[in-house]
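> Give me a model of this one.
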Amino acid sequence: MTTIPQSIQAVPMKKVSIIIPIYNVEKYVAECIDSVLNQTCSHALIECILVDDCSPDKSMEIVRERIEKYQKQGGEMVFKMVRHEKNAGLSVARNTGIKHAMGEFLLFVDSDDYLYPESIATFMAYHKQYPDADILIGNHYEEGLQVLRFKFTGHKVVRDNNRLYAGTLCKWTAWNYCVRRSVVEEHQLRFEEGIYFEDNVFNYSLMSMVNYAVIFTERTYFYRKNEGGIIQKVSRKKINKCVNDY
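Below you'll find the predicted structure:
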């Protein structure tokens, strides 16, 4: 993988590290990157880590074009671009992002989805209200079902570790939550490589480690079911692997 220039490494600690793995998403990646650039909070709070998993299309060209334009306009957000030497998969890409993150919180975003403009501001508002919470979980809109994930009103504080992976939460995906980087590093949590449903394994471990969670109903994430995604391409071999991995 390429080395990040020292001038980019030596930056003050940010509040949020947004980690975006990129592979074969030229149809969607502009919307994803623009959603990060359009955050309404102070951009000085954010670093964005883009992991190029040897994308074969024009995804990274689109990414660079947008970032260069943003930087020429004097934007304060810090960007780190890391390229794998060979395609290694989503788990490795996320782990690479964790390795290079310097923020107090980690936020994973899939490159075919996007954030709403107030997303980071909303996360940070709940962080201010509950400064000891280790994980902040926002609501997401599912494009296919055209519904919001959480139906309750207001927000919930969940302190029971046994309920963090079930009941109200049932958080199976890695995206759309801010988790303290110190928790991830202290317990050396990483995504298991070479399997489907890697989010489930990661979250199952994570939820037993956090102090408590705050779950809120304001939407912070747009989830798109990408028909070209990993799980969507059906074959007997893939079905068997899905069953075994799950």
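
> make it CA atoms for all contacts and neighbour counts henceforth
OK.

> what's the straight distance from one end of stretch 189-207 to the other?
Length of stretch 189-207, first residue to last, CA to CA, to the nearest Å: 11 Å.

> cool, stretch 46-61 as well?
Taking CA to CA, stretch 46-61 runs 22 Å from one end to the other.

> Now do that stretch: distance to the chain's middle.
Relative to the chain's own centre, stretch 46-61 is displaced by 14 Å; criterion: CA atoms, centre = their mean, to the nearest Å.

> same question, stretch 90-109
From the chain centre to the centre of stretch 90-109 is a distance of 8 Å (CA atoms, centre = their mean).

> Give me the distance between the two termini of it.
Chord length of stretch 90-109, first to last residue, is 11 Å (CA to CA).

> Can you show me the CA trace of the lengthiest strand in the chain as CSV?
What stands out as the longest strand in the chain, according to DSSP state E, is strand 213-223. Output in CSV follows, covering the C-alpha atoms of strand 213-223 (Å, rounded to 0.1, in the frame of the first residue of the first chain):
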residue,chain,number,x,y,z
ALA,A,213,-24.8,3.7,23.5
VAL,A,214,-27.1,6.5,22.4
ILE,A,215,-29.5,5.7,19.6
PHE,A,216,-31.4,8.6,17.9
THR,A,217,-34.0,8.9,15.2
GLU,A,218,-32.7,11.8,13.3
ARG,A,219,-31.6,10.5,9.9
THR,A,220,-27.9,10.6,9.3
TYR,A,221,-27.3,8.0,6.5
PHE,A,222,-28.8,7.1,3.1
TYR,A,223,-28.5,3.4,2.4
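
> List the neighbouring strands of it plus their orientation.
According to DSSP bridges, strand 213-223 forms sheet pairs with strand 114-115 (antiparallel), strand 135-142 (parallel), strand 155-158 (antiparallel).

> Which positions within it qualify as buried?
Across strand 213-223, burial judged by 16 or more other CA atoms under 10 Å covers 213-223.

> got those as a markdown table, with distance to L115 and pLDDT columns?
Below are the buried residues of strand 213-223 laid out as a markdown table (distance: CA to CA, whole Å; pLDDT from 0 to 100):
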| residue | distance to L115 | pLDDT |
| --- | --- | --- |
| A213 | 20 | 94 |
| V214 | 19 | 95 |
| I215 | 17 | 93 |
| F216 | 15 | 94 |
| T217 | 15 | 94 |
| E218 | 12 | 96 |
| R219 | 9 | 96 |
| T220 | 6 | 97 |
| Y221 | 5 | 97 |
| F222 | 6 | 97 |
| Y223 | 9 | 96 |
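
> For the residues you listed, give me a markdown table that also has distance to V92.
Output for the buried residues of strand 213-223, formatted as a markdown table (distance: CA to CA, whole Å):
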| residue | distance to V92 |
| --- | --- |
| A213 | 26 |
| V214 | 28 |
| I215 | 27 |
| F216 | 29 |
| T217 | 30 |
| E218 | 30 |
| R219 | 28 |
| T220 | 25 |
| Y221 | 23 |
| F222 | 23 |
| Y223 | 21 |
